[in-house]
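K.L.:
everything below, folded, please.
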Amino acid sequence: MSAPTVKEITSALNKELQMQHDISLVFGKLFDYDDIDFQNLLQLSQESILLAGTPLAQMYDIFPWLFKCLPGPHNIIFSNYARLIFFLRKEIEKHNRDWDPFNHRDFVDTYIAEIDKTLDLFEAGTETVTNTLLFALLYMMKYSEKVQDEIEREIGLSRQPCLTDKINMPYTEAVIHETLRVANLVPLNLNRMASKDTTLGGYFIPQGTVLIANLSSVLHDKTEWEKPDMFYPQHFLNEHGHFCKRQAFFPGSAGKRMCLGEQLAHMELFLFFFL
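P.N.:
Predicted structure coming up:
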């Protein structure tokens, strides 16, 4: 077996760094890298995200009644989530024993009364960012020249990047946004349910109907993107080379149920992109 390359080592370290950062926010502590629970958590979370993007898993989202009793990746995902929930409940029980309503140490303390939301907070804030960074590193093997020029011009080699640099680095911003578009980590979004009878696009939707949003159809719409099936940062640059937002850019859904942490994720991606 050949020795790992520097890029492979850096990629692995960056991913674990991001995971540790998110875990410290949720649980108020860091885990040792050789901690068995922590390593299992990494493996289960990554496996679930990868399987969720497979065709069979997406078919389950569309036809759950058909696949409910059939074998497939959805069963592995459910098993992994059950183990993740078990791990989280152990941590929450520890927080409950010395919980102080007037002194919140972390997100678990803050949301101790809303336990069911903890898994969503942990999962949504960890794997999405880390996997987007992995996609970005992959694309940088081919498209790094302009990004490197911008880094050397605006940041140099003597300091760390900061959020105020974003405005002066339009190409890097475009690369990060294009990575989110092409990576398309949650192609069918998360299932929603109509809270009341409503009409959408001329169709009547009864209360209780499960709704699935096909984000892929928007992120790869040929009428919205010049080169929808290619990695093309110019999608987010105008004729003057300035960064510009696109109306069809919905990697975290849209409306009242869009990802609450999307702005935080954009800030994290920009800062961790340079590590």
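K.L.:
next helix or strand past the worst-scoring helix or strand of the chain on mean pLDDT?
P.N.:
Counting by mean pLDDT, DSSP states H and E, the weakest-scoring helix or strand in the chain turns out to be helix 6-27, with a mean of 50. Once the chain leaves helix 6-27, the next helix or strand it forms, by DSSP states H and E, is helix 36-52.
K.L.:
let me see the mean pLDDT of that next one.
P.N.:
Over the span of helix 36-52, the pLDDT mean works out to 78.
K.L.:
what lies in contact with the helix or strand just after that helix?
P.N.:
Following helix 36-52 in sequence order, the next helix or strand is helix 55-62 (DSSP H and E). If you take Cβ atoms under 8 Å, 6 or more residues apart in numbering as the criterion, helix 55-62 is touched by 51-52, 67, 72-74, 77, 187-188, 191, 212. (C-beta placed from N, C-alpha, C; glycine too.)
K.L.:
report the angle between helix 55-62 and helix 36-52.
P.N.:
Between the axis of helix 55-62 and that of helix 36-52 there is an angle of 80 degrees, by axes from the mean of the first three to the mean of the last three Cα atoms, to 10 degrees.
K.L.:
and the contacts of stretch 145-163?
P.N.:
Applying Cβ under 8 Å, 6+ apart, the contact partners of stretch 145-163 are 140, 165, 168-169, 171-172, 175, 267, 270-271, 274.
K.L.:
just the ones of those residues in helices?
P.N.:
140, 171-172, 175, 267, 270-271 (DSSP state H).
K.L.:
could these be laid out in a markdown table, adding distance to Ala82 and neighbour count?
P.N.:
Output for those, formatted as a markdown table (distance: Cβ to Cβ, whole Å; neighbours: other Cβ atoms under 10 Å):
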| residue | distance to Ala82 | neighbour count |
| --- | --- | --- |
| Met140 | 36 | 16 |
| Tyr171 | 44 | 19 |
| Thr172 | 40 | 24 |
| Val175 | 37 | 23 |
| Met267 | 32 | 12 |
| Phe270 | 35 | 18 |
| Leu271 | 33 | 15 |
